[in-house]
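**Student:** requesting a structural model of the entry that follows:
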Amino acid sequence: MQAREFDVVVWGASGFTGRLVAEHLLTRYGADGELRWALGGRNAARLEAVRSELGAAAAGVPILTANIDDAASLAALVARTRVICTTVGPYALYGSGLVAACAASGTHYCDLTGEVQWMRRMIDAHHETARQSGARIVHTCGFDSIPSDLGVFDLQRAFMERFGRPAECVAFRGLEFRGGFSGGTIASMLNMLNEADHDASIYPLLADPYGLNPAGERHGLDGPEPALPAFDNERRAWLTPFVMASINTKVVRRSNALAGYPYGHDFRYDEATVMPHGLWGFPAALAMSVASAAGMAAMRVPSVRRFVGKRLPQPGEGPSAAVRESGFYLLELTASTRVSAAQRLTLRIRGDRDPGYGSTARMLGESAVCLAQDALDSAGGVLTPATAMGGALVRR
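**Tutor:** Here you go, the predicted structure:
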């Protein structure tokens with residue numbers, strides 16, 4: 001990549017999550033250090049207000065503006081930076097032009113999307129262009145799906161070192177959580193359902209466990225995500241489907257395919273939430289599963305969706321600083337093989353902030369810096385966190 005004026009532009013810095021990413025970069029890297037970064041968005045006045053809110057230390061952070069509906073404006077923006085780090089969703093509404101501009105110009109890109117239907121479109125439209133330009137286009141660089149994707153990557157690396165072979169199975173278990181929800185996340189979900197009203201291919205894509213795999217490689221041993229509770233004999237506890245499993249599992253499987261199947265062609269992966277032990281474990285698991293399924297079924301009805309959408313947090317809204325700081329999560333990934341019960345390894349991932357925002361802002365910020373400054377050996381294309389950044393992002 002030719003020399004660029006900036007390393008990272010935080011696009012959407014005036015939004016809820018964008019401000020958090022900017023705050024993280026300022027706290028960790030400063031405004032006048034080795035990382036050359038800028039605030040980006042459509043409205044200069046709103047960006048100036050954010051810079052003012054960040055305090056005197058942010059006075060030297062430049063402000064860039066562009067028009068997302070103008071391809072020339074976006075091309076001029078992305079040509080100035082090594083990485084575009086965007087928090088502007090729903091990405092299916094506001095992100096396609098930015099991805100196209102980055103893929104064409106060789107500018108690396110990272111976002112927080114969990115919009116599977118849009119990721120599939122970006123893969124189909126821009127993977128080859130990005131491969132030729134050298135642009136690394138990396139979706140899902142937040143709590144969806146870095147713990148899952150990098151967790152499996154690092155666990156498989158350790159398993160290979162210890163046992164000389166990859167694990168055939170990895171089970172992701174959510175043990176503890178506390179956090180809040182953002183209006184941006186809700187808006188993305190509602191928009192996906194709106195699209196599905198007019199595109200019959202979306203629901204089958206969401207149900208396809210290999211829906212993000214490369215063309216011709218959308219097959220394997222895993223089936224659709226379970227909708228009902230299951231009993232874990234090893235933990236002696238009930239499991240209920242993990243809320244983001246339908247996204248995370250597809251990303252992990254795409255990583256395996258893009259990397260040439262280092263986990264094996266017979267690799268299996270699943271995610272679930274562990275319910276409390278004791279008498280109430282099954283009722284709680286059943287209640288969560290039924291509520292989730294019923295809620296999604298109801299939201300497929302346009303009139304229900306409009307009614308509920310007006311009463312949920314709106315874009316730009318999210319959990320308070322106190323909620324973010326008091327949040328946490330504990331995840332456990334266990335790798336195993338059918339060859340020997342002794343070949344088993346467990347990885348724990350602990351976060352000290354709200355997973356969706358406090359931790360996600362750090363994950364996205366560090367992904368952007370990793371793409372901008374670390375020596376990566378990945379080729380261009382529409383990649384995953386593990387295949388684009390791998391061990392470099394694990395270290396960060």
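**Student:** in this protein, which spans are strands?
**Tutor:** With DSSP state E applied, the chain shows strands at 6-11, 37-41, 63-65, 81-86, 108-110, 136-138, 169-178, 230-232, 237-241, 268-274, 328-336, 344-351, 381-383, listed in chain order.
**Student:** which of those strands sits most buried?
**Tutor:** strand 108-110 (a mean of 31; mean count of other C-beta atoms under 10 Å). The C-beta positions use only the backbone N, C-alpha and C, and glycine is treated the same way.
**Student:** could you measure from Val274 over to Arg350?
**Tutor:** 15 Å (C-beta to C-beta, to the nearest Å).
**Student:** could you do Gly60 as well?
**Tutor:** To Arg350, Gly60 is 35 Å away according to C-beta to C-beta.
**Student:** same question for Ala71.
**Tutor:** Ala71 is 43 Å from Arg350, by C-beta to C-beta.
**Student:** now do Arg19
**Tutor:** Arg19 is 25 Å from Arg350, where distance means C-beta to C-beta.
**Student:** swap in His24?
**Tutor:** Distance, His24 to Arg350, by C-beta to C-beta: 18 Å.
**Student:** same thing with Arg51?
**Tutor:** According to C-beta to C-beta, Arg51 and Arg350 sit 33 Å apart.
**Student:** just give the number of residues close to Ala341.
**Tutor:** Ala341 has 8 neighbours, counted by other C-beta atoms under 10 Å.
**Student:** so what's it scoring on pLDDT?
**Tutor:** We have a pLDDT of 87 for Ala341.
**Student:** got phi/psi on it?
**Tutor:** phi -70, psi -20 (degrees, to the nearest 10).
**Student:** check what pLDDT Gly316 gets.
**Tutor:** With respect to pLDDT, Gly316 has a value of 67.
**Student:** all the helices of the stretch 201-350 of the chain, residue numbers only.
**Tutor:** Using DSSP state H, counting those that start in this stretch, the helices found in the stretch 201-350 of the chain span residues 202-207, 245-258, 281-299, 302-309, 321-326.
**Student:** measure the spatially closest residue to Val304 that is not a sequence neighbour to Asp232 for me?
**Tutor:** Taking C-beta to C-beta, 6 or more residues apart in numbering as the measure, Val304 lies nearest to Ala298, with 5.0 Å between them; neighbours along the chain are not counted. Note on Ala298: its distance to Asp232, by C-beta to C-beta, is 29 Å.
**Student:** buried stuff in stretch 55-71?
**Tutor:** Ala58, Val61, Pro62, Ile63, Leu64, Ala66, Ile68 (16 or more other C-beta atoms under 10 Å).
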